[in-house]
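Asks: Next come a sequence and a model predicted from it.
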Amino acid sequence: MNAPVDRVVVYGGGVAAPMAALAIARAFGRLGTRVSWIDTGEVPSPHTALVGLPDLASFHRLLGIGDAALVDGASAALNMGQQFVGWSGGEGAFLHAYGDAGSAFASLPFVQHWTRARQAGLRVALEDFSLAAAAAREGRTGEARDPATRQAVKHGWHLDAAGYATLLRAACGSAGVAILPGTDAQPHMVDGRLDRIELVDGTTVTADLFIDAHGALIALLDPQGMALGASPCDRLIRGSAAPLDPPPLYSRVTVHPAGWVTVVPLGDRLAAEIAYDSRYLSDAEARTVLAQVAGRPVETGEAKAIHAATRRRSWVANCVAVGRAAGDMPLLDGAELLLLQLAVAQLVLLWPIDCAAMPEADIYNEELGGSRARVADFAAQHFRLNGRTGEPFWDAARALPVSPELAAKLDLFAARGMFAHCNHEAHVEDSWALCMAGHGVVPRGFDPQALLVEEQALMVEFQRQLRAIAAEVRGMETHAQALARIRSGGR
Amino acid sequence: MMAGPLELVIVGGGTAGWMCAAACAAKLVPAGVRVRLVESEEIGTVGVGEATLPQMKDFNDFIGLDEVEFMQATQASFKLGIEFVNWGREGHRYIHPFGTYGRPIGEADFFSYWIRGRRAGIATRLDDYCFPIVTAWQNRFMLPNGDANDVRNAFAYAYHLDAFLYARYLRRWAEARGIERIEGRIVEVERDGESGAIAAVKLVSGERVAGDLFVDCSGFRSLLLGSTLGVELEDWAHWLPCDSAQAVPCARSDDFTPYTRSTRRKAGWQWRIPLQHRTGNGYVYSSAHISDDEAAATLLANLDGEALAEPRVLRFKAGKRRLAWARNCIGMGLSGGFLEPLESTSIYLVQMAIMHMLTLLPAKAGIDPALPAEFNRVMDVEYDRIRDFLILHYLANAADAPLWEHVTAMDVPDTLAGKIDRFRHRGHVQAYRDGLFGPPSWQAVFVGQGMEPQAADRLADALPAELLRQRLDALAATIAHGAASAPTHAEFVARHCPAPPL
């Protein structure tokens, strides 16, 4: 007979702990599961902004987090994509927008027709056929109104991490999560399982399942479980600047000779961070570069070391590590929040049915390991495809090893504009196409079935799509209008 | 051969060859590719009564065949799934349907609610919540009714057809659309000295047929891929020990089922495929566990109509070529690999190879290595998934004869190990985006062969028990009512697509 998981302890702070506690309490609290959050006191580092991808919106429904609360409590701004500046060498830029890369037609993905036309001399970039990209560039947001446009436009959020954590904490309170102060708490292990956590006031907290957002619990169970990876950078400085007016609908990642600068527009400020290699850039120089790239004075925090270590197994015995506790995450493409969301959502899906034996751990580690690898692939493509030859940092970044799955994706796209779909994909096909094409890859060949469309008809279709995009963008609302509407509770 | 159109040569004109030729006629010939098919009337094809998967309708639609005309030309009938008789244990039967179980009745998936209901004694057998199964067992059939909210739309269908007639039909169709057919037996395969690629095939007449890309549809001989290029077969006989089959048609009986039947027997299993003009039958067996004579006797003793021919023996080995695409040669059908027809996957695998070939077709100038790499990657995934699913059928059985003692105790591939424990523990089945087989298929076989989960997703516990009972009962009633409204399979076929007598 199975003994259900009755008591759950979430251990840690930041965004990960309250997010996990909230998700679990909302899903299983009504079945009698009691959730305690031992708050170890970590708060998101000052200046931190989070890049939330479109799937975050559906996850927020599970969490019961409304859009208006995000705008009010987490300085949220709409996120329609991420712009990459200078990655190909020079000042060129492309936008990875969250939406379709052109409308499919004649039963083929748009990229196939685009490749054919490029080879015949077309100069228009792939992203120019993306409604989401065109709208974001023009500062407009919304969905296509004419069904004939046949293009999805999606948005996620840019969030102030500290405000988001506060908001999640408040929601935990109303979802029945017991919040216990837990600085300097002491975990104890018995027979390879976590047994209890002793708090400084002498209280002992036991649980059937422990969620570790801190790192100390999983390290106790699996001290050798870390796998070291390669990170192009070793230092990070975060800062804040005055907001841009109007605030862009996308973040921007600009290269410098020894790393990159990410600026994320929020409701009340511009979050900026610089990742760099300390062999080429001092902390002081990095602060200067950060302000230069941001184009305005930036108030900065401490420089931090960054690593690329991940846990081979994030679920060990009766303990599941989420967020940073499961490993470092790529600094691009919203990977941090995406992986946290996947880790929590997968835990809810695979909620153990027996508190003694948890074979769910193996399934979970397979699923999360796969997702983590695919998310890492997405970030790694930027380094592999960078065109900044002759700069030691970027030459080394290009030479970093890639997974066989990423190698297959890059090879196939370069050869044929097609997508090598693997298990656990976290980004959609068109996101990959927009990035690979944005980095300058024009496929060498295309599906011969593209030739079944007459050249003249192809040109007519291209013009139709470009006109439709322009017309749709004109009818969309501005970022400010959208935020005001959301704030007033409108859909 | 640098100038001019890409030259594609299909070697062999069985089901695989003509399916490939027809797809080329529809999609490549108009795009400027020259496509020729070499076959010899001296060489017979393996075509038997063939059961298919719902994807075949996509293929026919893709190349532009008319469904009614196709069914009339191939003596086809409809298929809602496969009935497995004596699998798991003697006397038991279940259907692996082309459809899902239940429909959403809460925030967990239906199968989790069924597990919970089953354990609480308020759910009947899984089959009762599946429209195509309930309909199939009444020998009824209807097309999906197009209403997304209706259980009578929650299924797909496939066909039973005469594969020989299908190849003949496709030949007429393809030749009318620009495929050049060359008659003649191949006596020599000529290779390019430098690259080792296939340069041409020479016919007994002396004619030389050169090409840029060769599609090997030569059947078990694997003339180009196996014999010429030396691509080895990855042998899976240790997991799938059946190595022989005998096939025999019999007269059509009154039992005109909209499903294929697979009956487990002492040394293998017997298929039954109802066509309009006759019924196809066969016994797939392990020659180590039964003699050909005894297999033939068993087969003939278990027909539901008069035998219309002598049983024909086929030999095979389970496995796939290590590369489905090597140099300038793509193997399709039996030349690329063989998996016993327990789950009707043969034509599906040909179809997948064709679809991937079309999108990955190389240019005249040469073969970009990324193209065969992708082709082989995706075909490996297809083969491996089907292999594991077939092995599952063998594992979960009473060990009631030497073959069954062997297969129920064997080691399984890593990709299958663990799946069974996970299913028993909580009904877990991994889902993937495309390809065979989805969660309902695994649920059907696991449960059908006696492996019921011990618990379900806890999210299913949130629904009050009384409400769960009501919803399960209402769903079963809706399905029973919907099934009863369908005409019989025989009536439907007679009205919709009656084939002329041969």
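Replies: Happy to help now that I have it.
Asks: only C-alpha atoms for contact and neighbour calcs from this point on.
Replies: Fine.
Asks: Walk me through the domains of chain B.
Replies: For chain B, automatic domain parsing gives the domain ranges B:7-74+B:161-237+B:318-384, B:78-159+B:386-489.
Asks: any idea how far B:L53 is from B:W87?
Replies: The gap separating B:L53 from B:W87 is 20 Å, by Cα to Cα, to the nearest Å.
Asks: returning to what we had before: among the domains of chain B, which is nearest chain A?
Replies: Each of the domains of chain B has some distance to chain A by Cα to the nearest Cα; the shortest is domain B:7-74+B:161-237+B:318-384, at 4.8 Å.
Asks: So which bits of the stretch 251-400 of chain A are right by chain B?
Replies: Taking Cα under 8 Å from any Cα of the partner chain as the contact definition, the stretch 251-400 of chain A meets chain B at A:L349, A:L350, A:W351, A:I353, A:P359, A:E360.
Asks: In helices, which of those fall?
Replies: Using DSSP state H, A:L349, A:E360 are the members of those that sit in helices.
Asks: For the residues of the stretch 251-400 of chain A next to chain B, which PyMOL command selects only the ones that are buried?
Replies: A single PyMOL command is used to select the members of these judged buried by 16 or more other Cα atoms under 10 Å in any protein chain shown:
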select buried, chain A and resi 350+351+353+359+360
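Asks: Centre-most residue in the chain?
Replies: You didn't say which chain, so I picked chain A. Nearest to the geometric centre of chain A sits A:G334, at 2.2 Å (Cα atoms, centre = their mean).
Asks: wrong one, I was asking about chain B
Replies: Central residue of chain B (Cα atoms, centre = their mean): B:T345, at 1.8 Å.
Asks: what's the weakest-modelled helix or strand in chain B?
Replies: strand B:49-51 (a mean of 86; mean pLDDT, DSSP states H and E).
Asks: So which other helices or strands are in contact with that strand?
Replies: Taking 3 or more Cα pairs under 8 Å, 6 or more residues apart in numbering or on different chains; DSSP states H and E as contact, the helices and strands that strand B:49-51 lies on are strand B:158-162, strand B:268-274, strand B:278-285.
Asks: To B:Q351, which of these lies closest?
Replies: strand B:158-162 (13.7 Å; Cα to Cα).
Asks: helices or strands up against the closest one?
Replies: In terms of contact count using 3+ Cα pairs under 8 Å, 6+ apart, strand B:158-162 is assigned the packing partners strand B:49-51, helix B:55-63, strand B:77-79.
Asks: What strands flank it, and is each parallel or antiparallel?
Replies: Using DSSP bridges, strand B:158-162 pairs in its sheet with strand B:49-51 (antiparallel), strand B:77-79 (antiparallel).
Asks: Could I get the average pLDDT for the helix or strand following it?
Replies: Next helix or strand after strand B:158-162 toward the C-terminus (DSSP states H and E): helix B:163-175. Mean pLDDT, helix B:163-175: 96.
Asks: repeat for stretch B:185-193
Replies: For stretch B:185-193, mean pLDDT is 96.
Asks: list the buried ones in that stretch?
Replies: B:R185, B:I186, B:V189, B:E190.
Asks: mind checking how far that stretch is from the chain centre?
Replies: For stretch B:185-193, the separation from the chain centroid amounts to 32 Å (computed by Cα atoms, centre = their mean, to the nearest Å).
Asks: Only the C-alpha atoms, please, for that stretch, written as CSV.
Replies: Only the C-alpha atoms of stretch B:185-193 are listed here, as CSV (Å, rounded to 0.1, in the frame of the first residue of the first chain):
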residue,chain,number,x,y,z
ARG,B,185,16.5,-8.1,-64.2
ILE,B,186,19.6,-6.5,-62.7
VAL,B,187,22.8,-8.5,-63.4
GLU,B,188,25.4,-6.1,-62.2
VAL,B,189,25.8,-3.0,-60.0
GLU,B,190,28.4,-0.6,-61.1
ARG,B,191,30.2,1.5,-58.6
ASP,B,192,32.2,4.7,-59.0
GLY,B,193,35.9,3.8,-58.6
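Asks: any residues touching that stretch, and which ones?
Replies: Stretch B:185-193 is contacted from outside by B:39-40, B:42, B:197-204, B:224, B:228, using Cα atoms under 8 Å, 6 or more residues apart in numbering or on different chains.
Asks: which residues touch stretch B:94-101?
Replies: Here stretch B:94-101 makes contact (Cα under 8 Å, 6+ apart) with B:54, B:80-85, B:110-111, B:126-127, B:129-133, B:154-157, B:440-441, B:444-445, B:448.
Asks: my bad, should have said stretch A:170-177
Replies: A:P18, A:A21, A:L22, A:A25, A:R26, A:G29, A:R34, A:V35, A:S36, A:W37, A:I65, A:I179.
Asks: same deal with stretch B:329-338?
Replies: By Cα under 8 Å, 6+ apart, the surrounding residues in contact with stretch B:329-338 are B:16-17, B:197-198, B:213-226, B:233, B:316-321, B:324-325, B:346-347, B:349-350, B:353-354.
Asks: For it, give the mean pLDDT please.
Replies: So the average pLDDT for stretch B:329-338 ends up being 96.
Asks: Could the C-alpha coordinates of that stretch be exported in PDB?
Replies: Output of stretch B:329-338 as PDB, limited to C-alpha atoms (Å, rounded to 0.1, in the frame of the first residue of the first chain):
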ATOM      1  CA  CYS B 329      21.700   4.800 -51.800                       C
ATOM      2  CA  ILE B 330      18.600   4.800 -49.600                       C
ATOM      3  CA  GLY B 331      17.100   1.500 -48.500                       C
ATOM      4  CA  MET B 332      13.300   1.400 -48.100                       C
ATOM      5  CA  GLY B 333      11.100  -1.400 -47.100                       C
ATOM      6  CA  LEU B 334      12.500  -4.800 -46.600                       C
ATOM      7  CA  SER B 335      15.900  -3.900 -48.000                       C
ATOM      8  CA  GLY B 336      16.400  -1.400 -45.100                       C
ATOM      9  CA  GLY B 337      15.100  -3.600 -42.300                       C
ATOM     10  CA  PHE B 338      12.400  -5.900 -41.200                       C
END
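Asks: what phi and what psi does the backbone show at the closest residue to chain B within chain A?
Replies: Proximity of chain A to chain B (Cα to the nearest Cα) peaks at A:D447, 4.8 Å away. Backbone torsions of A:D447, given as degrees, to the nearest 10, read phi -60, psi 120.
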